[in-house]
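Asker: predicted model, plus sequence, below.
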Amino acid sequence: MLGYSIVFVHMAKHAQNIGVGKTEASFLISVMGISEFIFRLIAGWFADLGIISRLNVYMIGAAGVGLCNLFVPFCRSYASLIVYMAFYGLSSGVFHSLIAVLVREYTGVARLFNGIGWTLLAGGTAYLLGSPIAGWLYDATGNYNVSFFSAGSIIVTSLSLLCLKKPSNPDGAASHDDTPSAENNLSIVDRDGHVEDSPTRLEQETTL
């Protein structure tokens, strides 16, 4: 999120710096919004198909946002910026639609609210700091090239953190901590009508 927020604050200014009119520059954000709205729906549907894991779908979207930022300095016309914003919205829609889903898969239902809270806190803090940092880089260099290069590099580098730990239940199934196992509740009734614990349960109690 540190590299993601730069577009909303600085893209219009960057477009004007390369000769785009003020009205046309403002329309770029609308292009991104339309593209993101469409692909949020598509990404959610595609992730549920199970062709590839939701984590990989998320990483593809985040990588797309980072790569888009790395290519901004090479966009020198209004048409190229339109294409950039369309792809930026596409990638943004893909990873944004899966944030809550992945938090659920990493934390489980019992800690879902804490997981969402920490995610929003971390993301919101980084979102708040991203634009001022990009502005400081602009003041220091006189253009937005370093700002966009830095934003893209931060996003792509951050993906390495997701390779350190896989979700505990990548298929989205409930974890053992969330729902009791039916096997643990089985009992055996003998011929006299007495209820006896199943071997599995007795083994667990003996282990405890």
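Answerer: Cool, the structure landed. Predicted model only: the values in this text are computed from it and were never measured.
Asker: what about the strands in the chain?
Answerer: Using DSSP state E, the strands found in the chain span residues 187-189, 195-197.
Asker: avg pLDDT for the longest helix belonging to the chain?
Answerer: If you go by DSSP state H, the chain has its longest helix at helix 112-141. In this model, helix 112-141 has an average pLDDT of 88.
Asker: let the chain start at 890 from now.
Answerer: All right, first residue 890 from here; so that's helix 1001-1030.
Asker: list the buried residues in that helix.
Answerer: 1004, 1008, 1015, 1019, 1020, 1022, 1023, 1024, 1026, 1027 (16 or more other CB atoms under 10 Å). (C-beta placed from N, C-alpha, C; glycine too.)
Asker: output stretch 996-1011 as PDB, restricted to C-alpha atoms.
Answerer: In PDB, the C-alpha atoms belonging to stretch 996-1011 read as follows (Å, rounded to 0.1, in the frame of the first residue of the first chain):
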ATOM      1  CA  THR A 996      -6.000 -16.400  10.600                       C
ATOM      2  CA  GLY A 997      -9.000 -18.600  10.700                       C
ATOM      3  CA  VAL A 998     -12.500 -17.600  11.800                       C
ATOM      4  CA  ALA A 999     -11.700 -17.200  15.500                       C
ATOM      5  CA  ARG A1000      -9.100 -14.400  14.800                       C
ATOM      6  CA  LEU A1001     -10.700 -13.000  11.600                       C
ATOM      7  CA  PHE A1002     -11.700  -9.600  13.200                       C
ATOM      8  CA  ASN A1003      -8.200  -9.100  14.600                       C
ATOM      9  CA  GLY A1004      -6.700 -10.000  11.300                       C
ATOM     10  CA  ILE A1005      -8.900  -7.600   9.400                       C
ATOM     11  CA  GLY A1006      -8.200  -4.900  11.900                       C
ATOM     12  CA  TRP A1007      -4.400  -5.200  11.700                       C
ATOM     13  CA  THR A1008      -4.600  -5.400   7.900                       C
ATOM     14  CA  LEU A1009      -6.500  -2.100   7.700                       C
ATOM     15  CA  LEU A1010      -4.200  -0.500  10.300                       C
ATOM     16  CA  ALA A1011      -1.100  -1.500   8.400                       C
END
